[in-house]
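> this one's sequence-less:
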């Protein structure tokens, strides 16, 4: 009887060891979670717009911070930001759901916070006139060759982090252009390295 109990205990322990990793790997960006995130973003952006409306009016942001350039009222963000959030969450969801995918939701969350922190840093420097933005951008361009900064979660973090200071439209436009450049940097570098490796093996 004790021998049988030990067998059951060992079998239970093996099941716990096998099943434990599934707790972390099964984390998915489900449809309900994406709806929840988009809803929170919508409430926050419209809450901000209403606050501005009743406290001095809705501000207008200008391209390149030049009043001679076209102005974009902040309320446009109430339309664009929820749509853009939903749009960017979908490729993250598809990537995580892909069979044999090596990335996890946790990785995407850390990437989001990386983009968010970058945006907040740029915003603080801009508001307080700290002239280090060029150095930060230079560092980001260098990192784009090493890390996949073009991915949706980085872009979403950037847009949400910068929208309070710059509105939603300008960060969306600027971030989308950067994401395209970063994609070229990251993929192009690896394509060139791959070509050189093939030449060495021939």
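Yep, it's here. Predicted, not measured: the structure shown is a model, and the values here were computed from it.

> quick one, helices of the protein?
Ranges of helices within the chain are 2-25, 31-54, 76-97, 105-127, 133-143, 152-166, 169-201, based on DSSP state H.

> mean neighbour count, the ones you listed: which tops it?
Neighbour counts averaged per stretch over the helices of the chain are highest for helix 152-166, at a mean of 23; criterion: mean count of other CB atoms under 10 Å. For every residue, glycine as well, the C-beta is placed using N, CA and C.

> and it, average pLDDT?
The average pLDDT within helix 152-166 is 95.

> tell me how far stretch 146-155 is from the chain's mean position?
When distances are taken as CA atoms, centre = their mean, to the nearest Å, stretch 146-155 is centred 7 Å away from the chain's centroid.

> now what about it, what contacts it?
Contacts of stretch 146-155 from elsewhere in the structure, counted by CB atoms under 8 Å, 6 or more residues apart in numbering, are 88-89, 91-92, 108-109, 111-112, 114-115, 140, 143-144, 175-176, 178-180, 182-183, 186.

> try it again at 7 Å.
Contacts of stretch 146-155 from elsewhere in the structure, counted by CB atoms under 7 Å, 6 or more residues apart in numbering, are 88, 91-92, 108, 111-112, 114-115, 143, 175, 179, 182-183, 186.

> quick check: end-to-end length of that stretch?
Its start and end residues considered, stretch 146-155 measures 16 Å (CA to CA, to the nearest Å).

> about what we covered before: farthest-apart pair in the contacts of stretch 146-155, please.
Within the contacts of stretch 146-155, 91 and 143 form the most distant pair, 20.7 Å apart (CB to CB).

> which one of the helices of the chain lies closest to residue 63?
helix 169-201 (6.8 Å).

> against residue 170, how distant is the residue nearest the centre of the chain?
In the chain, the centroid-proximal residue (CA atoms, centre = their mean) is residue 153; its distance is 2.1 Å. From residue 153 across to residue 170, the span is 20 Å (CB to CB, to the nearest Å).
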